[in-house]
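**Q** kindly generate the corresponding structure for this input.
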Amino acid sequence: MIAETMVSHSNLPAAVSDRRRGKSAIVTVALLLFALVSPAAELAPRMLLLDVAVVGTEFVAVGERGTILRSADAGRSWQSATNLTTATLTAVNFAPDALHGWAVGHDALLLATTDGGHSWQKQWQGENLSDSFLDVLALNAQHVIAVGAYGLFLSTTDTGKTWTRRKISDDDFHFNHLTRGPTGTLYLAGEHGTLLRSADDGVTWKRIAAPYDGSFYGILPLDKRTLLAHGLRGRLFRSVDDGATWSPIATPQPVLLATALQLQSNLIVVAGQARGCLVSRDYGHTFASWLTPLTTAVAKLIELPDGAILAVGEAGVTLLPKP
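**A** Just a heads-up that it's a prediction; the model follows:
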């Protein structure tokens, strides 16, 4: 069932642009199509989780049915926050102060916290509930950017008191993921070969020439000039000139690559579709399969203080050993 879903997603970006399919056709790195049923948080929550953020020494994860979970012990146990919505939450991010954070998702919804994720409030909701946010990035406690389906782009510079909606691309393709490089440059990845860069904190955006015209699910900045872009069908590309040119990287399987992580050791891990974990030990020049206990799809990876990895996705939370 899951494999069939992921295979069908290989042609999904073109299909979702047909507005007649409506809200049900919107996806987030394909994982929103998986329906897992688990009513409450537990020691190892088994529910669909789509993102996790580091908050000081703690972690906050979000997912289906408005789920928000917190862990204060490196992901070994989790507590549930007050459920403010039944809408799926697709992304969560915190400002450097580890107090101000934002969670976004379906139903054009933005939630906010000012106490490190202990409590949450609804901060903004669009009139068109078919709008879906797919990612959010807090540059600081005042300046936040949220992006989503059909070119959805909102930003605030006053901690969310007011939000401004803008059109930053002539197309209305989905914006899947925002990242920030070590020099402060912002990168935005989306469907149909959408790659954008901003050198002024999101005020203006310039298109990056894409190495292919399919969907990208993220750009991982490795240093000031080196980037990795990952997407559908095992597509993985490396640039050493900040996206001016790209080199394709061979991957073992043509599977969706939803998330990428650079470890403190400079090893790089990429994951997505079930059993699709890859690892690079040469700074992204080559990748090999990494055998893990995971048999389900992954939405996000983060590194733990001891070098192990926490994965969230279809199976909820899974602790992985050091690569």
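**Q** show me the shaky parts of the stretch 51-200 of the chain.
**A** Counting by pLDDT under 70, the stretch 51-200 of the chain has no low-confidence residues at all.
**Q** and Asn93, how many neighbours?
**A** With neighbours defined by other Cβ atoms under 10 Å, the count for Asn93 comes to 23. For every residue, glycine as well, the C-beta is placed using N, CA and C.
**Q** which stretch of helix or strand covers it?
**A** Assignment of secondary structure by DSSP states H and E places Asn93 within strand 89-94.
**Q** need the contact partners of that strand.
**A** Strand 89-94 has contacts (Cβ atoms under 8 Å, 6 or more residues apart in numbering) with 28, 32, 50-55, 60-64, 66-68, 100-106, 109, 111, 116-117, 132-138, 144.
**Q** who does Val147 bridge with?
**A** Asp135, Phe153 (DSSP bridges).
**Q** that one contacts Leu134, doesn't it?
**A** Yes: the pair formed by Val147 and Leu134 meets the contact definition of Cβ atoms under 8 Å, at 6.3 Å.
**Q** joint contacts of these two?
**A** When contacts are counted by Cβ under 8 Å, 6+ apart, Val147 and Leu134 are jointly contacted by Phe175, Asn176.
**Q** what's the distance between Glu314 and Ile68?
**A** The spacing between Glu314 and Ile68, counted by Cβ to Cβ, to the nearest Å, is 18 Å.
**Q** swap in Gly218?
**A** The spacing between Gly218 and Ile68, counted by Cβ to Cβ, is 22 Å.
**Q** same check, this time on Leu261
**A** Using Cβ to Cβ, one gets 22 Å for the distance from Leu261 to Ile68.
**Q** who's more crowded, these two?
**A** Higher neighbour count among Leu261 and Ile68: Ile68, with 25 against 17, using other Cβ under 10 Å.
**Q** my read is that the more buried one contacts Ala81, right?
**A** Yes: counting by Cβ under 8 Å, Ile68 sits close enough to Ala81 to count as a contact (4.0 Å).
**Q** who touches both of the two?
**A** Joint contacts of Ile68 and Ala81 (Cβ under 8 Å, 6+ apart) are Gly117, Trp120.
**Q** ok, Phe175 - contacts?
**A** With contacts taken as Cβ under 8 Å, 6+ apart, Phe175 has the following neighbours: Leu134, Asp135, Val147, Gly148, Ala149, Gly151, Leu152, Phe153, Leu188, Ala189, Gly190, Thr194.
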